[in-house]
Structure formats: structure tokens, C-alpha cells
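Novice: give me the fold of what follows.
(one chain, ligands or ions: 1)
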Amino acid sequence: MGERLPIIAGNWKMNNTIKETKELLTALIPLVKDAKAEVAVCVPYTSIATARKLIRGTNIKLGAENVHWADKGAFTGEISADMLKELKVEYVIVGHSERRQFFGETDETVNKRAQAALSRKLKPIICVGELLSERENGKTDEVVIRQTKGAFAGITKGNLKNIVIAYEPVWAIGTGKTATAEDADKTIAVIRKTIGGLYGKVAAEAIRIQYGGSMNAKNVTELMAKPNIDGGLIGGASLKAEDFSKVVLGA
Ligand code: PGA
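Specialist: You can find the predicted model right below:
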């Protein structure tokens with residue numbers, strides 16, 4: 001779709017020590033230097049400082065995988081937006097399905113984390129997506145509409161240019177099963193329409209919405225050919241420089 005710049009973001013999850021971070025990024029930098037799409041890597045907190053040094057001056061943007069909503073305080077194990085900002089992080093994943101499934105993330109906490117990120121000029125990549133049971137029960141649209149409305153509650157229109165949405169059907173994550181390009185495009189259109197309902201048509205056309213869930217070098221072209229798909233959030237295929245670069249260059 002015309003003017004939206006595609007964004008391919010790696011989601012490393014709980015992978016890569018500092019040593020592995022150096023190896024992966026050193027290999028990746030030359031492979032993606034001519035990418036047309038925007039490129040980001042969302043890395044574990046322990047890799048942020050190393051990644052930042054390595055990618056400085058390149059076309060790769062730095063991202064984190066989560067952020068807490070409070071400015072500071074008694075939240076053992078959490079990281080604040082100021083802490084990420086200090087390390088020159090630009091993007092931060094919010095509401096990934098693994099956070100929702102295993103760490104009690106709700107639409108409300110996703111919203112609070114997104115707001116905290118925006119308040120510090122971090123760009124949230126807000127994840128939404130249905131479970132397999134929800135898809136089988138015909139609830140996909142209802143779920144993504146609820147999650148989208150929940151995530152955007154209280155967020156003003158002026159912030160939209162700093163937000164990316166990732167549509168990730170939970171059953172497609174790490175399973176090798178991809179939503180068909182048609183299904184992904186259709187559900188992303190529902191999310192876009194939801195944004196339209198909240199902020200108007202122009203805003204809906206402008207916001208970038210990625211697909212995520214077993215996206216790789218083989219399926220990137222077909223997915224990216226769809227009018228609503230503006231890139232990808234890449235898990236497994238972001239862990240090898242060559243695999244990830246093929247996704248980036250295919251976008
Ligand atoms: P996957 O993960 O590419 O390994 O399916 C995507 C994600 O969870 O963001």
C-alpha cells in the first residue's frame with residue numbers, strides 16, 4: 001500500500017547472549033545495508049547496550065521486548081521507559097502473546113505499557129492476535145477488535161505515527177503454520193477498520209500493521225504482496241543473519 005514504509009522487526013525473545021548478539025549482528029549488518037524496508041531488532045535487555053554499539057551508524061533500529069508502565073519503583077524484574085530511552089532504544093514490543101499467555105498481560109496492562117512507552121517517545125509495536133480456539137469458534141475478528149480498542153484506549157491521534165501494530169495469530173507463532181496471506185490480510189483489514197473507527201480513515205490508512213507468526217524467507221513475498229500487510233514481526237527466522245536478511249530484502 002502506497003506510502004506506508006514496511007517495517008521488518010526481529011523479535012529475538014529469550015535468545016542470544018552478548019557473545020551471540022555480537023556474532024549475529026556483525027553478520028547481519030552488511031546483509032541488510034541496502035534494505036528498502038525499515039529494519040529493527042528487538043533484543044533482550046542484556047543485549048541492548050551491545051546491540052546499540054554495533055548498529056550505530058547502520059540502517060538497523062534498536063528495539064526492546066517489553067516495558068513497564070510505571071516511571072520507577074517497586075516492580076522487581078521490570079524495566080522502565082526511561083531506562084530504555086537512556087540506552088537509545090527506539091522501538092519496544094508491547095503485549096506479545098507470550099506475555100499475555102505466560103505473564104498475565106491483559107488488554108489493560110498492554111494499554112498502560114504502550115502509554116508509558118509513548119510518554120517517553122519510544123515507539124510501541126503493539127501485538128494483537130487470536131488463539132487457535134478463538135479462530136475455530138469464529139471469534140477472530142471479535143478478539144482483535146477488543147484487543148485493538150483496549151490497547152489504544154486513551155491514546156491520542158497525534159501518537160499514531162509512532163505506533164506499529166503487529167497482528168500475530170497465536171497458533172502461527174513458532175509453529176511453522178502461517179496464516180494464509182488472504183486470512184492475514186483480511187484480519188489486518190479488520191484491525192485497520194477498528195483504527196478507522198477510533199481515529200478516522202486517514203489515520204487508519206497511515207498506520208503500519210505487521211504480520212507475525214512463522215514469517216520467513218519463503219512466505220514473505222506472498223504476505224507482503226497483500227495490500228494491508230506492512231511488514232513483519234519475525235521470531236525464529238530472526239535468529240540467523242542469513243534467514244533474517246532474506247525476509248528483510250523480500251519485504
Ligand atoms: P515466529 O515468532 O516468527 O517464531 O513465529 C513471531 C513472534 O512471536 O513475534
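Novice: got the residues of the protein near the ligand?
Specialist: Residues of the chain lying near the ligand by C-beta under 6 Å from any ligand atom: 11, 168, 173-174, 212-215, 233-237. Using the backbone N, CA and C atoms, a C-beta is placed for each residue, glycine as well.
Novice: most neighbours among the residues you listed, please name it.
Specialist: Neighbour counts for the residues of the chain next to the ligand (other C-beta atoms under 10 Å) peak at Met215, which has 31 neighbours.
Novice: skipping adjacent residues, who's closest to it in space?
Specialist: Once flanking residues are discounted, Met215 sits nearest to Gly232: 4.3 Å by C-beta to C-beta, 6 or more residues apart in numbering.
Novice: hmm, that neighbour is touching Ser214, no?
Specialist: No - contact criterion C-beta atoms under 8 Å: Gly232 and Ser214 do not qualify, at 10.1 Å.
Novice: name the nearest residue to Leu84, sequence neighbours excluded.
Specialist: Spatial nearest neighbour of Leu84, excluding adjacent residues (C-beta to C-beta, 6+ apart): Ala64 at 5.2 Å.
Novice: next up, the contacts around Tyr211.
Specialist: Going by C-beta atoms under 8 Å, 6 or more residues apart in numbering, Tyr211 touches Ala166, Tyr167, Glu168, Ala179, Ala184, Ile188, Leu223, Ile229, Gly231, Gly232, Leu233.
Novice: go again with 7 Å.
Specialist: For Tyr211, the contact set (C-beta atoms under 7 Å, 6 or more residues apart in numbering) comprises Tyr167, Ala184, Ile188, Leu223, Ile229, Gly232.
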